[in-house]
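Colleague: coords below, sequence missing:
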């Protein structure tokens, strides 16, 4: 008697391939984001640090040029809030919850009363927490 092979083996192989592709895409996207952030950091701050060392050694760097390089480094800090939402969906969602300009129109805006009730231990959350303690 021959025992038939389970037909789920090709499916499992296909599933693992899909799982690997999904994670490799996420890893590639994370590497790309990190590469862009580090690249922008080095482009913005490396000239400043090189000029700072040159200024300490020879004192031959004009003050205006040093100021321009300092502000180039500061511009890197303004680029980060632009780069993060472009490449990170989770960051975009989190910012949408806190910034009114980024919130979708369908999302309800939390009121001050609901925020204060959530932060204080009164109201519906406290009742839920005590009922959970009684159950456990």
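Modeller: Happy to help now that I have it. For clarity, every value in this text was computed on a predicted model and none was experimentally measured.

Colleague: Residues touching the helix or strand harbouring residue 64, excluding its own?
Modeller: Assigned by DSSP states H and E, residue 64 belongs to helix 63-87. Here helix 63-87 makes contact (Cβ atoms under 8 Å, 6 or more residues apart in numbering) with 29, 32-33, 36-37, 40-41, 43-45, 47-48, 51-52, 55, 91-92, 95. From N, CA and C alone the C-beta is placed, and that goes for glycine too.

Colleague: Identify each buried residue in that helix, please.
Modeller: 69, 73, 76, 84 (16 or more other Cβ atoms under 10 Å).

Colleague: same thing with stretch 27-36?
Modeller: Neighbour-count burial for stretch 27-36 [16+ other Cβ under 10 Å]: residue 33.

Colleague: any idea how far the closest residue to residue 92 other than its chain neighbours lies from residue 26?
Modeller: Ranked by Cβ to Cβ, 6 or more residues apart in numbering and with sequence neighbours excluded, the top spatial neighbour of residue 92 is residue 85, at 4.5 Å. According to Cβ to Cβ, to the nearest Å, residue 85 and residue 26 sit 17 Å apart.

Colleague: ok, back up a step: just name the closest of the buried residues of helix 63-87 to residue 100, please.
Modeller: residue 84 (18.5 Å; Cβ to Cβ).

Colleague: how far away is that closest one from residue 50?
Modeller: 27 Å.

Colleague: go on, residue 56?
Modeller: In terms of Cβ to Cβ, residue 56 sits 11 Å off from residue 50.

Colleague: Rounded mean pLDDT for the longest helix along the chain, please.
Modeller: Looking across the chain with DSSP state H, the single longest helix is helix 8-57. Averaging pLDDT along helix 8-57 gives 82.

Colleague: same question, stretch 99-111
Modeller: 61.
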